[in-house]
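In: just need the structure, nothing else, for what follows:
(chains A and B)
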Amino acid sequence: MINSNKATVTVGLASCGIAAGAQKVYDAFKESLEGLSVQLDFSGCMGMCYKEPLVEVKVEGQQFIYGKVQPEQVKRIVEEHLQAKKPITEWLVAAEQLETPDKTFLNRQQRILLKNCGVINPETIESYFSVDGYKAIKKALKDMSPEQVIEEIKLSGLRGRGGGGFPTATKWALTRRSPGKDKYVICNADEGDPGAFMDRSVLESNPHSVLEGMLLAGYAMGANNGYIYIRAEYPLAVKRLKLALAEARSKGLLGANILDSSFSFDIQIREGAGAFVCGEETALIMSIEGKRGMPRIRPPFPSEAGLWGKPTSINNVETFANVPWIILNGANSFNQYGTETSKGTKVFALAGNIARGGLIEVPMGITINEIVYDIGGGLASGKKLKAVQTGGPSGGCIPASLSDTPVDYESLRKIGAIMGSGGMLIMDESTCMVDMAKFFLNFTQEESCGKCTFCRIGTKRMLEILERITQGEGQREILNSWRN
Amino acid sequence: MKTASQLSKHTSSSPLAIIDQIVRDHNLDEGSAIVILQQIQAAFGYVGKPMLERVSQLTGIPASVLYSIVTFYTQFRLEPVGENFIQVCHGTACHLAGAERISEVLQQETGVPEGKTSADGKFTVKKVACLGCCSLGPVVTVNEETFARVTPDKARQMIKEKRASCQCGHSNAEEVATID
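Out: Down below sits the predicted model:
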């Protein structure tokens, strides 16, 4: 799609970038580049949120990334770099021959899933084709049986990236085995944890990778229908998904007899209406069915009786996005990363009090310290680390004393936290942990659907206790009862 | 999602006709209640009780069930919103970055309590859970526009500017008022 001889300018246009003013930068380039032999394009999220808006300039095959670009700077970049071929070193955040602190942000990561995020144009299918897009589904339909697809995923060790960590292949195999002709694949894009934006970024930057993952899941399970349940708070991701669906349909990659095979599959989008609890799979199903999203007791699990009572597999955005890569590169390329029980990489949204916040992908087993200091560059305030919050409001705050804990499902659970979907918030010593606990309880009691007593009344009572403490009316007996 | 003006092109401008059209587009789909309500809100800016009753008549879904849906999901609004619909992100990152203070300032400047609309119809201020721009907190959105790294001063300035300029886009809001 891009002529390699021609100089290119690519502006990162994901939500974060746009919020930081990237659209204005793009428009400024459009104006300044008129009449010049330079191709202007846009991509999704390049990951370095702390340097948004980001602009990639490619001249004679060499890549340069400018950060915190303002519209006023565009003219100089065009004149000096694109015309006079002299990069403006003081504005660069990364370039091949340049040593910058931002380089460690990139070098310490292992980008498999995010490899093409911030590189390809998320609004054209050709751009996805140019990075081997839809080759995995072609390969599967041509050379692999559904059982072989499940086997490959099993060998890869892929576990649910929504936070639960359930083996993906097991879920698919159970759904495949369930009797019945109608089966459903659901993509959970209801990224409700505050502080988490991995799924939004992936959907805004590489939506086709998720669609291809769902196609492979449908083929593996014998399902013909898919739903993407996405938060309505993500309008850009919804827009790009709709474009991707339309393009995939026009290329015969969705619909009846995909790529002239006997496999038919189509996907619908359902926008969530704002309910944290709908991230839970049975509540999510209720919501797609047009009801109040209230969870129900399992069993039966969705793999037996899910959407409309039919066998259903619900997987997270990141899980699906991993699947095409695994099928194309083989299970062993994936499971070479990670620990004994947690294979592959994990995407995190690094935010809070951190010098270099953004979207990162790391091999499982990396320690929290490595993420905070090597990738994140330490705390933004320069103060001491107090805690790292993972797993959203129902997750945990990992104290600084445990920050050498490796990031994998088991190690995090052992210290009382959870992997969660990938939100990672850094707090410095000035953060009040009682206030944080109150913040989270305020959130969970507001979002409680009210069905079960423990949650409906329990969260309210706990919040009241914390409110009393923060108002100087705490009771010592309560602390004692917590200790017991 | 279709906007009011897009929908009006296909139907008469009568609010009830717009609702009828939306329901007709979906009536046969299983589980489309939420989608119908979302499209009604996209067309009118809110979902009022008379609208629920109309949907109920057309679909056979009891109005009480529809009411239970719109009160369950935070996206639905039962009253019209102001010309400037301001959402203040209260995700964890924004909380750490001082979102509470931004909400206070916005309430002071607009004179509107949380979730309510000012008497002149200019502002609605609402807290929302994470908008997903966690590296840029505190984040505030005004209608379609997103503001990053908002400070109390920036928030005050923003309200002043919005108060000065009127870009009323709720042409349908007045018409709908007639069926309330």
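In: quick check: mean pLDDT across whichever helix in chain A runs longest?
Out: Secondary structure assigned by DSSP state H gives helix A:453-470 as the longest helix of chain A. Averaged over helix A:453-470, pLDDT sits at 94.
In: what about the next helix or strand after that helix, average pLDDT?
Out: Proceeding N to C from helix A:453-470, the next assigned helix or strand is helix A:476-483, under DSSP states H and E. pLDDT averaged over helix A:476-483 equals 82, rounded to a whole number.
In: tell me what helix A:476-483 is packed against?
Out: The contact analysis (3 or more CB pairs under 8 Å, 6 or more residues apart in numbering or on different chains; DSSP states H and E) places helix A:476-483 against no helix or strand. In short, each C-beta sits where N, CA and C put it, glycine included.
In: give me the angle between it and helix A:453-470.
Out: Computed with axes from the mean of the first three to the mean of the last three CA atoms, to 10 degrees, the direction of helix A:476-483 lies at 130 degrees from that of helix A:453-470.
In: element containing residue 39, please.
Out: Picking chain A for this. Per DSSP H and E: strand A:38-43 holds residue A:39.
In: the chain in question should be chain B.
Out: With secondary structure defined by DSSP H and E, residue B:39 is part of helix B:33-44.
In: may I have the phi/psi pair for the residue of the stretch 1-150 of chain A found nearest chain B?
Out: Here the stretch 1-150 of chain A gets closest to chain B at one residue, residue A:49, 3.4 Å apart by CB to the nearest CB. Per-residue torsions, residue A:49: phi -60, psi -30 (degrees, to the nearest 10).
In: what about it, neighbour count?
Out: 29 (other CB atoms under 10 Å in any protein chain shown).
In: wait, what's in contact with the closest residue to it other than its chain neighbours?
Out: Distance criterion CB to CB, 6 or more residues apart in numbering or on different chains; nearest residue to residue A:49, sequence neighbours excluded, is residue B:135 at 3.4 Å. Shown in contact with residue B:135 (CB atoms under 8 Å, 6 or more residues apart in numbering or on different chains): A:16, A:49-50, A:52, A:350-351, A:357-358, B:93.
In: could you rerun that using 7 Å?
Out: A:16, A:49-50, A:351, A:357-358 (CB atoms under 7 Å, 6 or more residues apart in numbering or on different chains).
In: so what pLDDT did residue A:195 get?
Out: For residue A:195, the predicted pLDDT is 89.
In: so it is in contact with residue B:95, correct?
Out: No. At 9.0 Å, residue A:195 does not count as touching residue B:95 under the criterion of CB atoms under 7 Å.
In: just the pLDDT at residue A:100, thanks.
Out: pLDDT, residue A:100: 83.
In: neighbours around it, how many?
Out: Neighbours of residue A:100 under the rule other CB under 10 Å: 15.
In: returning to that earlier point: next one: the longest helix of chain A to chain centre, how far?
Out: Centroid separation for helix A:453-470 versus its chain: 31 Å, with CA atoms, centre = their mean, to the nearest Å.
In: three-state assignment of residue B:88?
Out: Under DSSP: H, G, I helix; E, B strand; the rest coil, the three-state class of residue B:88 is strand.
In: that one contacts residue B:127, doesn't it?
Out: Yes. With contact defined as CB under 7 Å, residue B:88 counts as touching residue B:127 (5.4 Å).
In: overlap in contacts, these two.
Out: Taking CB under 7 Å, 6+ apart as the criterion, residue B:88 and residue B:127 both touch residue B:103.
In: any idea which residue is closest to the centre of chain B?
Out: Nearest residue to the geometric centre of chain B (CA atoms, centre = their mean): residue B:45, 5.3 Å.
In: so what does the following helix or strand past the helix holding residue B:39 touch, helix or strand wise?
Out: The helix or strand immediately downstream of helix B:33-44 is helix B:49-59, counting by DSSP H and E. Applying 3 or more CB pairs under 7 Å, 6 or more residues apart in numbering or on different chains; DSSP states H and E, we find helix B:49-59 packed against helix B:15-26, helix B:63-72.
In: right, so of the ones you listed, which gets closest to chain A?
Out: Closest among the helices and strands packed on helix B:49-59, once you apply CB to the nearest CB, is helix B:63-72, at 4.4 Å.
In: need the helix or strand of chain B with the lowest average pLDDT.
Out: helix B:171-177 (a mean of 38; mean pLDDT, DSSP states H and E).
In: now stretch A:65-80: mean pLDDT?
Out: For stretch A:65-80, the mean pLDDT works out to 97.
In: what does that stretch contact?
Out: Counting by CB under 7 Å, 6+ apart, A:21, A:24-25, A:28-29, A:32-33, A:48, A:51, A:53-57, A:86, A:88, A:91-95 sit against stretch A:65-80.
In: any buried residues in that stretch, and which?
Out: A:65-69, A:71, A:73-74, A:77-78 (16 or more other CB atoms under 10 Å in any protein chain shown).
In: then stretch A:252-261?
Out: Applying 16+ other CB under 10 Å to stretch A:252-261 flags A:253-254, A:258 as buried.
In: pretty sure residue A:374 belongs to a helix, no?
Out: Yes. Secondary structure of residue A:374 (three-state DSSP): part of a helix.
In: and for residue A:450, the neighbour number?
Out: Neighbours of residue A:450 using other CB under 10 Å come to 12.
In: just to be sure, it is in a helix?
Out: No. Residue A:450 is assigned coil when assessed by three-state DSSP, not a helix.
In: isn't it right up against residue A:456?
Out: Yes. With contact defined as CB under 7 Å, residue A:450 and residue A:456 form a contacting pair (4.8 Å).
In: which residues touch the strand holding residue A:39?
Out: So strand A:38-43 is contacted by A:2-3, A:6-13, A:26, A:29-30, A:33, A:82, A:118-122, A:205 (CB under 7 Å, 6+ apart).
In: close to chain A: what parts of chain B are there?
Out: B:30-34, B:38, B:68-69, B:72-76, B:91-93, B:95-96, B:128-136, B:139, B:146, B:148 (CB under 7 Å from any CB of the partner chain).
In: for burial, what's the neighbour tally of the closest residue to residue A:325 other than its chain neighbours?
Out: Sequence neighbours aside, residue A:112 is the residue nearest to residue A:325 in space, at 5.7 Å (criterion: CB to CB, 6+ apart). If you count neighbours by other CB under 10 Å, residue A:112 ends up with 20.
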